[in-house]
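Student: Return atomic coordinates for the entry below.
(chains A and B)
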Amino acid sequence: MDWSEQRYWEDVETGAEVPPVAFPLTVYRLVVEAGANRDFNSIHHNSEYARASGAPEIYANTGFLLGMWERTVREFIGLRGSIRHIAGFRMRRFNTAGATVVVRGLVKSKRRENGEALVELELWSELDDTITVGPGIVTVQMPVRT
Amino acid sequence: MPDDWRAAWQPVVDAVGGDFGDGEAIEGADAVDQSALRRFLEPLEFDCPLHQEDGLAPLSSYFTFVAPPIWQPGGDPVFTSDERDAQPDGVGQRRFLTGLEPPHTGYFAADFELEPLLPVVVGDRLTRTGRKLVACELKETSVGRGAFMTWEWEARNQRDEVVARFRNTMYVYNGPED
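Tutor: As a prediction, the model looks like this:
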């Protein structure tokens, strides 16, 4: 990722794709994640415990899944953009170890409001071509050229 | 009686609108520091310099910085069992629950909404305040019978400024074998 490049509000077109970001999930990665974000619920790092709870395998926690969205959005809006609201972050299916989560998105709309240049991004996470999180709306502020 | 489980949840449904935070401010275990940010960003492979170098906490890390310690000096031991999958004592007490729920075997996050209001940076210390139950929807799913409970709460910094508002939904359920 080249962080010296900045996308501007004028560059964004409704319907355009937010570049997808893939997150292969392994037990190793989920254990590192649990230690980093302090969500030690055993359903996220203990396969036996997760299966006893009804899940097929250990799965990514909320902070990790939200972080995937945040990275995807940040890489789109650049250093001068900011995230104003996240809604519709509905976790529909388990994002389990042994699979790859891909975060995808589209530009839903753009507008000027109270002097700010805003963009609504529709985001979702997929696993095996099935939506596992979202679709939700992330409202972002982006810089303008003039 | 197939609807007994619904009746058991009625006290929680009736409690919608109540704030179960009791005015308590739950302080996160650690202040925001650069090493914690680095660890948070590592499994995400997230190299944004705002977070890696400038000390701005990612929005997705706010959960982390409001998480209370599992154990703290002067506290009672919490690792009191050597059963393989035993949970630390007291770990369930800070979950988003009313205390009115019927016995349940599982609990997981289902939905989430976040409105950031102020930046969180290195040196800040966050607390979680408020725990208002705003919805309780009963539902049978593939993992059991239970309720989707929606909560509203806030994160505040050390100056008592609200840095973000949250709305999260947890599914609390009893597995089919029970």
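Student: Looking from chain A, tell me which residue of chain B is nearest.
Tutor: B:V143 (3.2 Å; Cβ to the nearest Cβ). (Glycine included, C-beta is placed from N, CA and C.)
Student: what's the single longest strand in chain B?
Tutor: Of all segments of type strand in chain B, defined using DSSP state E, the longest is strand B:127-141.
Student: same for that strand, what does it pack against?
Tutor: Counting contacts by 3 or more Cβ pairs under 8 Å, 6 or more residues apart in numbering or on different chains; DSSP states H and E, strand B:127-141 packs against helix B:4-14, strand B:25-27, strand B:144-156, strand B:162-174.
Student: just to revisit the earlier point, quick one: the residue of chain B closest to chain A and B:G175 touch, right?
Tutor: Yes: taking Cβ atoms under 8 Å as the definition, B:V143 is a contact partner of B:G175 at 6.5 Å.
Student: Quick check: neighbours shared by the two?
Tutor: A:53-54, B:106 (Cβ atoms under 8 Å, 6 or more residues apart in numbering or on different chains).
Student: Can you add pLDDT and neighbour count and give the residues you listed back as TSV?
Tutor: Formatted as TSV, the shared contacts of B:V143 and B:G175 follow (pLDDT from 0 to 100; neighbours: other Cβ atoms under 10 Å in any protein chain shown):
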residue	pLDDT	neighbour count
A:S53	84	19
A:G54	84	19
B:G106	83	18
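Student: and stretch A:72-86, anywhere near chain B?
Tutor: Yes: among the residues of stretch A:72-86, A:74-75, A:79, A:83-86 lie within reach of chain B under Cβ under 8 Å from any Cβ of the partner chain.
Student: Please enumerate residues in contact with stretch B:11-23?
Tutor: Outside stretch B:11-23, the residues within contact range by Cβ under 8 Å, 6+ apart are B:97-101, B:129-136, B:138, B:147, B:149, B:153.
Student: where along chain A do the strands fall?
Tutor: Defined through DSSP E, the strands belonging to chain A, from first to last, are A:17-25, A:82-87, A:99-113, A:116-127, A:130-141.
Student: where does B:P2 land on pLDDT?
Tutor: B:P2 carries a pLDDT value of 60.
Student: try B:D111
Tutor: Model confidence at B:D111, given as pLDDT, is 92.
Student: Who are the contact partners of it?
Tutor: By Cβ under 8 Å, 6+ apart, the contact list for B:D111 reads A:89-91, B:148, B:150, B:168-169.
Student: are any of the residues you listed buried, and which?
Tutor: A:89-91, B:148, B:150, B:168-169 (16 or more other Cβ atoms under 10 Å in any protein chain shown).
Student: Looking at those, which is nearest B:Q72?
Tutor: Using Cβ to Cβ, the shortest approach to B:Q72 within the buried ones among the contacts of B:D111 belongs to B:N168, at 24.8 Å.
Student: Identify the bridge partners of that closest one.
Tutor: Per DSSP bridges, the residues bridged to B:N168 are B:F112, B:W151.
Student: repeat for A:Y59
Tutor: With DSSP bridges as the rule, A:Y59 is bridged to A:T96.
Student: so it touches A:S42, yeah?
Tutor: No: using Cβ under 8 Å, A:Y59 is not in contact with A:S42, being 11.5 Å away.
Student: which residues do these two both contact?
Tutor: With contacts defined as Cβ under 8 Å, 6+ apart, the residues shared by A:Y59 and A:S42 are A:A50.
Student: higher neighbour count, the two?
Tutor: Neighbours of A:Y59 and A:S42, each counted by other Cβ atoms under 10 Å in any protein chain shown, are more numerous for A:Y59; the result is 25 against 18.
Student: OK, contacts around the more buried one?
Tutor: Taking Cβ under 8 Å, 6+ apart as the contact definition, A:Y59 lies against A:30, A:43-44, A:50, A:94-97.
Student: Throw these into CSV and include pLDDT and neighbour count, thanks.
Tutor: Written out in CSV, the entries for the contacts of A:Y59 read as follows (pLDDT from 0 to 100; neighbours: other Cβ under 10 Å):
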residue, pLDDT, neighbour count
A:L30, 98, 22
A:I43, 91, 22
A:H44, 93, 24
A:A50, 93, 22
A:F94, 93, 20
A:N95, 96, 25
A:T96, 96, 19
A:A97, 97, 22
